[in-house]
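J.: I would like the atomic coordinates for the input below:
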Amino acid sequence: MLKSVKSRGLALLATVALLGGTAWVATATTGAYFSDTHTGSISGTVGSIKVTPSGGGGAEHMNLSFTNMLPGDPQTVTVNYKNTGLNPEDV
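T.: Numbers count the residues shown, from 1 in each chain. This is a model prediction of the structure:
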């Protein structure tokens, strides 16, 4: 039994050493350093879109109402969306 404990301890020590070596190799640098800079500027403006729903009920026109719902009986309700913002966008 003492031999089994010694061999398990040696296997544990070898595993820890192997994992430590792997971690050290993984964190080592490659020695390659690159640097490149250019001067310039970036400018831009912010646009806007606004999605406005219609066709539903309620204050936001998003309330949907179904009548006489039955299992297995499909129903459809239509709600429309329109972009009322400053920029064209397919919504």
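J.: switch to C-alpha atoms for all contacts and neighbour counts from now on
T.: Fine.
J.: ok now do His61, which residues does it touch?
T.: Pro53, Ser54, Gly55 (Cα atoms under 8 Å, 6 or more residues apart in numbering).
J.: ok so it is a strand residue?
T.: No - His61: not assigned to a strand; according to DSSP: H, G, I helix; E, B strand; the rest coil it is coil.
J.: Gly56 - how many residues pack around it?
T.: By other Cα atoms under 10 Å, 16 other residues sit near Gly56.
J.: Excluding chain neighbours, give the residue nearest to it in space.
T.: Spatial nearest neighbour of Gly56, excluding adjacent residues (Cα to Cα, 6 or more residues apart in numbering): Met62 at 4.7 Å.
J.: Okay, now the unreliable bits of this structure?
T.: Low-confidence segments of the chain (pLDDT under 70): 1-3, 28-32.
J.: show me where it has strands.
T.: 51-54, 80-83 (DSSP state E).
J.: Parallel or antiparallel, list what pairs with the last one.
T.: The pairing partners recorded for strand 80-83 under DSSP bridges are strand 51-54 (antiparallel).
J.: who touches the strand it pairs with?
T.: Contacts of strand 51-54 (Cα under 8 Å, 6+ apart): Glu60, His61, Met62, Val79, Asn80, Tyr81, Lys82, Asn83, Thr84, Gly85, Val91.
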